[in-house]
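Trainee: Only the shape, not the letters, is given here:
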């Protein structure tokens, strides 16, 4: 606990210093605009399984994010920066930094960006119904330097992005991606006061410099549970992954206080010196606002946001989800290499309390079954609580 609070204090100090310096620079500049918001998440998790795995249950500072945006001059040129102070995988705390040009319903961006794949990934983390994602980690690994174009209107959004070759952040400075391409299209078929039907399609292609890439690329699932003994509960073969492409279908709807969201994602991987493999995952989730509010649709990124509580006691939301992930290796050469290839089924229930627009509390219960190709199945269950401070 003490280490988490020290980390939180250090992150808050960095945030305060950054915002103060930014205010001093921009306070007297009439040609610039500066505003910021952020989210701090603190989790407490407890897990148990049917085997003697060493679960690392307890409190953890999950994330500390600050978003800074504004316009440059009097034209249509904007800037955006995202600071993630708990991102230990990169040397810099600057997660996103890009310049945006907008004209009517068209937006052009260039810089370091997070390109969302699918509905769950496009939903901001403070608006998600559950503590964790139900998609594969590598399926939504989407932070790149590149160029994107977006079209928005009242009934549809189109996003197309292309990524230039990148240097991975290590001592050898190897090139990670040869090229990447992402496309996402969403449409809402009807839109009324508290009712909307959303549909979407996503496609992503990534080609890697496999001659220069360390042979450690893999597709893995690692959710809330943490172990001392293994890195992931479900994973495919860890080897060189020269190319893979993904296809996703999404559907969601709001009917007053009732909300439904579902996605299916298929991933085709080309392993070097092995057969091509196909993996998939899907989920369906429901929520109901006990206090009568309805979720709000964000047409700019094709996702849904939490409503503003209308009661002095806040808004209460009941949530439930079923998800399935298939990482079973079917190729003859891959069988026997991956120890944790198989399938996962999970049921999650939760209660969300939107105290006000600055504070959100979540309690999740999850029951998960893992069926491996090698007969060594396991079952785990756990409960987690999250506190979100929004500013």
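Mentor: Now that the structure is in, tell me what you want to look at. All of these numbers come straight from a predicted model, not from anything done at the bench. Numbering: from 1, shown residues only.

Trainee: How much space separates the most centrally placed residue in the chain from residue 188?
Mentor: Computing the C-alpha centroid of the chain and ranking residues by C-alpha atoms, centre = their mean puts residue 121 first, at 4.2 Å. Noted for residue 121: a distance of 18 Å to residue 188, by C-beta to C-beta, to the nearest Å. Where C-beta positions appear, they are placed from N, C-alpha and C, glycine not excepted.

Trainee: One more: residue 364?
Mentor: Applying C-beta to C-beta to residue 364 and residue 188 gives a distance of 28 Å.

Trainee: Looking at these two, which is more packed in?
Mentor: The neighbour comparison of residue 364 against residue 188 (other C-beta atoms under 10 Å) goes to residue 364, with 23 against 20.

Trainee: Which strands and helices lie in contact with the host helix or strand of that one?
Mentor: Assigned by DSSP states H and E, residue 364 belongs to strand 359-372. Counting contacts by 3 or more C-beta pairs under 8 Å, 6 or more residues apart in numbering; DSSP states H and E, strand 359-372 packs against strand 342-356, strand 378-390.

Trainee: For the chain, which residues score under the pLDDT cut-off?
Mentor: 1-34, 52-56, 73-75, 87-92, 136-142, 164-177, 209-232, 237-241, 272-274, 332-339 (pLDDT under 70).

Trainee: Okay, helices next: where are they in it?
Mentor: In the chain, the segments counted as helices under DSSP state H are 2-26, 118-122.

Trainee: Which neighbouring elements make contact with the last one?
Mentor: Helix 118-122 is packed against strand 195-208, strand 243-255, strand 258-270, with contacts defined by 3+ C-beta pairs under 8 Å, 6+ apart.

Trainee: Distance of the nearest residue to residue 340 once chain neighbours are set aside relative to residue 282?
Mentor: Spatially, and ignoring its direct neighbours in sequence, residue 340 is nearest to residue 235 (4.8 Å; C-beta to C-beta, 6 or more residues apart in numbering). Note on residue 235: its distance to residue 282, by C-beta to C-beta, is 19 Å.

Trainee: How about residue 354?
Mentor: 28 Å.

Trainee: neighbour count winner among those two?
Mentor: A count of neighbours by other C-beta under 10 Å puts residue 354 above the other of residue 354 and residue 282, at 22 against 18.

Trainee: contacting residues for that one?
Mentor: 306-307, 309, 314-317, 360 (C-beta atoms under 8 Å, 6 or more residues apart in numbering).

Trainee: Tabulate these (TSV), appending distance to residue 41 and neighbour count.
Mentor: Rendered in TSV, the data for those read as follows (distance: C-beta to C-beta, whole Å; neighbours: other C-beta atoms under 10 Å):
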residue	distance to residue 41	neighbour count
306	14	22
307	20	19
309	19	20
314	18	18
315	19	22
316	20	17
317	17	23
360	9	24
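
Trainee: Can you lay out those residues as JSON lines showing distance to residue 154?
Mentor: Below are these laid out as JSON lines (distance: C-beta to C-beta, whole Å):
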{"residue": "306", "distance to residue 154": "22"}
{"residue": "307", "distance to residue 154": "20"}
{"residue": "309", "distance to residue 154": "26"}
{"residue": "314", "distance to residue 154": "31"}
{"residue": "315", "distance to residue 154": "26"}
{"residue": "316", "distance to residue 154": "31"}
{"residue": "317", "distance to residue 154": "27"}
{"residue": "360", "distance to residue 154": "28"}
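
Trainee: Which ones among these lie within strands?
Mentor: 315-317, 360 (DSSP state E).

Trainee: which one of those residues is nearest residue 42?
Mentor: residue 360 (11.4 Å; C-beta to C-beta).

Trainee: thought that closest one was touching residue 351?
Mentor: No - the criterion here is C-beta atoms under 8 Å, and residue 360 misses it with residue 351 at 11.6 Å.

Trainee: Check the gap between residue 68 and residue 113 for me.
Mentor: 15 Å.

Trainee: more crowded one of the two?
Mentor: residue 113 (23 against 19).

Trainee: quick one on the thing from earlier: Throw the helices and strands packed on strand 359-372 into JSON lines and include distance to residue 323, thanks.
Mentor: Output for the helices and strands packed on strand 359-372, formatted as JSON lines (distance: least, C-beta to C-beta, whole Å):
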{"stretch": "strand 342-356", "distance to residue 323": "5"}
{"stretch": "strand 378-390", "distance to residue 323": "14"}
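
Trainee: any chance you could map the strands in the stretch 1-150 of the chain?
Mentor: Using DSSP state E, counting those that start in this stretch, the strands assigned to the stretch 1-150 of the chain run over residues 35-49, 58-71, 77-84, 94-103, 106-114, 143-152.

Trainee: For these, give me JSON lines that also has distance to residue 258.
Mentor: Shown next, in JSON lines, are the strands of the stretch 1-150 of the chain (distance: least, C-beta to C-beta, whole Å):
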{"stretch": "strand 35-49", "distance to residue 258": "26"}
{"stretch": "strand 58-71", "distance to residue 258": "28"}
{"stretch": "strand 77-84", "distance to residue 258": "32"}
{"stretch": "strand 94-103", "distance to residue 258": "33"}
{"stretch": "strand 106-114", "distance to residue 258": "30"}
{"stretch": "strand 143-152", "distance to residue 258": "26"}
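
Trainee: Of all these, which one is nearest residue 340?
Mentor: strand 35-49 (14.1 Å).

Trainee: Run the angle between that closest one and strand 378-390 for me.
Mentor: 160 degrees (axes from the mean of the first three to the mean of the last three C-alpha atoms, to 10 degrees).

Trainee: so which of the helices and strands packed on helix 118-122 comes closest to residue 387?
Mentor: strand 258-270 (22.4 Å).

Trainee: Tell me which other helices or strands the closest one touches.
Mentor: Looks like strand 258-270 contacts helix 118-122, strand 243-255, strand 276-289 (3+ C-beta pairs under 8 Å, 6+ apart).
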